[in-house]
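# What would the 3D arrangement of this be:
(2 chains)
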There are 2 protein chains.
Amino acid sequence: MIKRTLTVSLLSLSLGAMFASAGVMAANEPIQPIKAVTPENADMAELGKMLFFDPRLSKSGFISCNSCHNLSMGGTDNITTSIGHKWQQGPINAPTVLNSSMNLAQFWDGRAKDLKEQAAGPIANPKEMASTHEIAEKVVASMPQYRERFKKVFGSDEVTIDRITTAIAQFEETLVTPGSKFDKWLEGDKNALNQDELEGYNLFKGSGCVQCHNGPAVGGSSYQKMGVFKPYETKNPAVGRMDVTGNEADRNVFKVPTLRNIELTYPYFHDGGAATLEQAVETMGRIQLNREFNKDEVSKIVAFLKTLTGDQPDFKLPILPPSNNDTPRSQPYE
Amino acid sequence: MIKRTLTVSLLSLSLGAMFASAGVMAANEPIQPIKAVTPENADMAELGKMLFFDPRLSKSGFISCNSCHNLSMGGTDNITTSIGHKWQQGPINAPTVLNSSMNLAQFWDGRAKDLKEQAAGPIANPKEMASTHEIAEKVVASMPQYRERFKKVFGSDEVTIDRITTAIAQFEETLVTPGSKFDKWLEGDKNALNQDELEGYNLFKGSGCVQCHNGPAVGGSSYQKMGVFKPYETKNPAVGRMDVTGNEADRNVFKVPTLRNIELTYPYFHDGGAATLEQAVETMGRIQLNREFNKDEVSKIVAFLKTLTGDQPDFKLPILPPSNNDTPRSQPYE
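I've put the predicted structure just below:
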């Protein structure tokens, strides 16, 4: 639903794509720059933004999409595993919503095929927002200010979970983060990276990180086993992809997360088990690549990873329509 | 710390002030229009905005000032009594932060003399954000991006709770809501109110509501007993002002809340006991004025009250600096 620039469409097709931008070609790099997107339907994206920030999609009236995918904080909550209805501890670390449209599928186990399907999950999950799709529809439909927008966007003022999640997904597709130091370097500004950052990138490529963390999102394009050479030690019971496929071979197989904005999206891994980037790099080297990075190497890879922080969301705080006497009331303590 | 326009300064001094605006004089009205404010120190207000949105001021890393004073929703949480750390139910309804700089004091019982003093409370309240001032200082001080702003605003990069709350208060002082239909009417646009709204205003004045709900904030300027003619029935144990003064005469005496943006700030009263504006008007008439408003009167007063909704906050979502290895970590489940 998003019209990317031609450049990016081509880039998405091939790692070795040609660059249209001026400056030095970076055609042989396994990572490609991110380009801003223009939503095909700006009104729909605006509606989706409001819904993304509306805590009335939850039973309590307290938890919105933005609670756990906080756009002030890299699109995450920066908590090991998220807080849900009545402070229930969630099962898994909330992935960033930034650049999530580039993922091959959504959730750590890929159980939702796209952002629209993903958005429907937490609303009705008793451990997360704990509402139901029916109540969420009634809440939104009760407000004429929302209905007016649905009419403008969808042609009628009918409010369905399908339309709600379509709009949220349209908004989320705008949440890309171009403009990072690394993208500037890719686009030909050879001064954009300092020596440590560049050495970090070469280590990242040379030691194999890039086998999984590649493409414009520096990840998000494949499922991989967590613990290739050594098992990943965790108390988190998630088995990843196996929950979706039923195949024992998919035990501990997870979607490779994007490394875009990784400085902002701590803590790391599906269990939030790594508090720092240094710890994450050390662990990945050891269990995925059978390599013990020394302190200097870790430091340089981390320096490179911090160059992946791009332009953060740049929009006005949405103002939400008030509930009225027809709006089903939140039930925070029930 | 805020430089209001001369017009508003004068208006604040006297109910019968003269209007500088063009059009018909509204000099004899007991309510005065709100004017936009320009912060004396824009950098400080910007820093305060970031802190207002930063959930790392709470122990969990999940609750910010904006969680309970949600600026997308009239500066409140629209919950009977607020949700605090580990989903503890708060003792009282969260008052709106909008136009709160006009209150004679802060909190329902007026125990904080100003916004700065107020802001320090929830951060360290074990039932609310559950952090300590010392940890909040360490969290903020750990981030060079914050320290740089403190240096620019305060002359040194020292982070103290005093400076944190000074900045938050400076931001909050910008949260005024001019531009309501009623203010347009006050300023001379006699078409701004329809017949019902105007009749509602006349009822509001004629039946005595305006004795307490007056001035630019339509309230906030005095303490009054809740239950003058008949007792207010509630299970909420709050005794209001008596907790501050120790005087039995102050039992059930509360700060009169602002009625600005009242359509947005449901549910009503210190216990959140009135879900709708109709219910609130009916109850106020009965227990405060010894008057049974009929359905038509309630409807007209509510129509008037809805004309008090002004321009809502209009700024970009703040982007917060990331925690780093020196930042004390949030403890959401401890």
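# next one: phi and psi at A:Pro39?
Note on A:Pro39: its backbone torsions stand at phi -60, psi 140 [degrees, to the nearest 10].
# Show me the strands in chain A, by range?
Taking DSSP state E to define them, one finds strands in chain A at A:2-3, A:38-39, A:223-225, A:253-255.
# next one: the third one to chain centre, how far?
Taking C-alpha atoms, centre = their mean, to the nearest Å, one finds the center of strand A:223-225 at 17 Å from the center of the full chain.
# To what extent is A:Lys230 buried, counted in neighbours?
11 (other C-beta atoms under 10 Å in any protein chain shown). Heads up, the C-betas are built off the backbone N, CA and C, glycines and all.
# what sits against it?
A:286-287, A:290 (C-beta atoms under 8 Å, 6 or more residues apart in numbering or on different chains).
# Name only those of those that count as buried.
A:286-287 (16 or more other C-beta atoms under 10 Å in any protein chain shown).
# Export the contacts of A:Lys230 to JSON lines and append columns for pLDDT and distance to A:Ser299.
Converted to JSON lines, the contacts of A:Lys230 look like this (pLDDT from 0 to 100; distance: C-beta to C-beta, whole Å):
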{"residue": "A:Arg286", "pLDDT": "98", "distance to A:Ser299": "16"}
{"residue": "A:Ile287", "pLDDT": "98", "distance to A:Ser299": "20"}
{"residue": "A:Asn290", "pLDDT": "97", "distance to A:Ser299": "20"}
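# How about stretch A:34-45 and chain B, touching?
No - figure legend: stretch A:34-45 not in contact with chain B (C-beta under 8 Å from any C-beta of the partner chain); closest approach 14.7 Å.
# average model confidence for that stretch?
This predicted structure assigns stretch A:34-45 an average pLDDT of 93.
# Can you give me the buried ones in it?
A:34-35, A:37, A:39, A:41, A:44-45.
# From the residues you listed, pick the one nearest chain B.
Nearest to chain B among the buried residues of stretch A:34-45: A:Ala45, at 14.7 Å, using C-beta to the nearest C-beta.
# Quick check, A:Glu137 in contact with A:Val159.
Yes - using C-beta atoms under 8 Å, A:Glu137 is in contact with A:Val159, at 5.2 Å.
# related to what we said a few turns ago, okay, the strands of chain A in JSON lines with distance to A:Ile123 next?
Converted to JSON lines, the strands of chain A look like this (distance: least, C-beta to C-beta, whole Å):
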{"stretch": "strand A:2-3", "distance to A:Ile123": "22"}
{"stretch": "strand A:38-39", "distance to A:Ile123": "22"}
{"stretch": "strand A:223-225", "distance to A:Ile123": "25"}
{"stretch": "strand A:253-255", "distance to A:Ile123": "21"}
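# Provide a list of residues in contact with A:Lys300.
A:196-197, A:199-200, A:203.
# Ok, A:Leu104 next?
Contacts of A:Leu104 by C-beta under 8 Å, 6+ apart are A:110, A:220-222, A:255.
# Could you identify which of the strands of chain A is most buried?
Neighbour counts (mean count of other C-beta atoms under 10 Å in any protein chain shown) averaged over each of those peak at strand A:253-255, with a mean of 23.
# about what we covered before: filter the contacts of A:Leu104 to the buried ones?
Here, 16+ other C-beta under 10 Å leaves A:110, A:220-221, A:255 buried among the contacts of A:Leu104.
# now these as TSV including distance to chain B?
Output for those, formatted as TSV (distance: C-beta to the nearest C-beta, whole Å):
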residue	distance to chain B
A:Gly110	26
A:Gly220	20
A:Ser221	25
A:Lys255	23
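# farthest pair in these?
A:Gly110 and A:Ser221 (11.2 Å; C-beta to C-beta).
# returning to that earlier point: in helices, which of the contacts of A:Leu104 appear?
Counting by DSSP state H, these place none of their members in helices.
# Surely A:Arg265 touches A:Thr76?
Residue A:265: Thr, not Arg. Yes - using C-beta under 8 Å as the test, A:Thr265 is close enough to A:Thr76 to be in contact (4.8 Å).
# tell me, what's touching the two both at once?
Common neighbours of A:Thr265 and A:Thr76 (C-beta under 8 Å, 6+ apart) are A:95-96.
# contacting residues for A:Glu46?
A:149, A:171, A:318.
# what's the closest of those to chain B?
Nearest member of the contacts of A:Glu46 to chain B, counting by C-beta to the nearest C-beta, is A:Pro318, at 5.8 Å.
# in the stretch 151-300 of chain A, what residue is nearest chain B?
Taking C-beta to the nearest C-beta, the stretch 151-300 of chain A has A:Leu264 as its residue nearest chain B, at 4.7 Å.
# what's near enough to touch the residue nearest to A:Asp77 when sequence neighbours are not counted?
Distances taken as C-beta to C-beta, 6 or more residues apart in numbering or on different chains put A:Cys68 closest to A:Asp77, at 4.6 Å, once the chain neighbours are dropped. Residues counted as contacts of A:Cys68 (C-beta under 8 Å, 6+ apart) are A:76-77, A:82-83, A:90, A:94, A:122, A:128.
# now A:Leu203: how far from B:Asn252?
68 Å (C-beta to C-beta, to the nearest Å).
# for A:Asp114, same thing?
In terms of C-beta to C-beta, A:Asp114 sits 55 Å off from B:Asn252.
# one step back: need the buried residues of stretch A:34-45 in JSON lines (columns: distance to A:Glu187).
Shown next, in JSON lines, are the buried residues of stretch A:34-45 (distance: C-beta to C-beta, whole Å):
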{"residue": "A:Ile34", "distance to A:Glu187": "11"}
{"residue": "A:Lys35", "distance to A:Glu187": "10"}
{"residue": "A:Val37", "distance to A:Glu187": "17"}
{"residue": "A:Pro39", "distance to A:Glu187": "23"}
{"residue": "A:Asn41", "distance to A:Glu187": "29"}
{"residue": "A:Met44", "distance to A:Glu187": "30"}
{"residue": "A:Ala45", "distance to A:Glu187": "26"}
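# Tell me where the stretch 201-334 of chain A has helices.
Counting by DSSP state H, counting those that start in this stretch, the stretch 201-334 of chain A has helices at residues A:242-245, A:277-288, A:295-305.
# Then the stretch 1-150 of chain A?
Counting by DSSP H, counting those that start in this stretch, the helices of the stretch 1-150 of chain A are A:6-13, A:42-52, A:65-68, A:115-124, A:133-141, A:144-154.
# now the residue of chain A found nearest chain B, nearest residue through space, not along the chain?
The nearest approach of chain A to chain B comes at A:Trp87, 4.0 Å away (C-beta to the nearest C-beta). Take A:Trp87 and drop its neighbours on the chain: the residue closest to it by C-beta to C-beta, 6+ apart is B:Trp87, 4.0 Å away.
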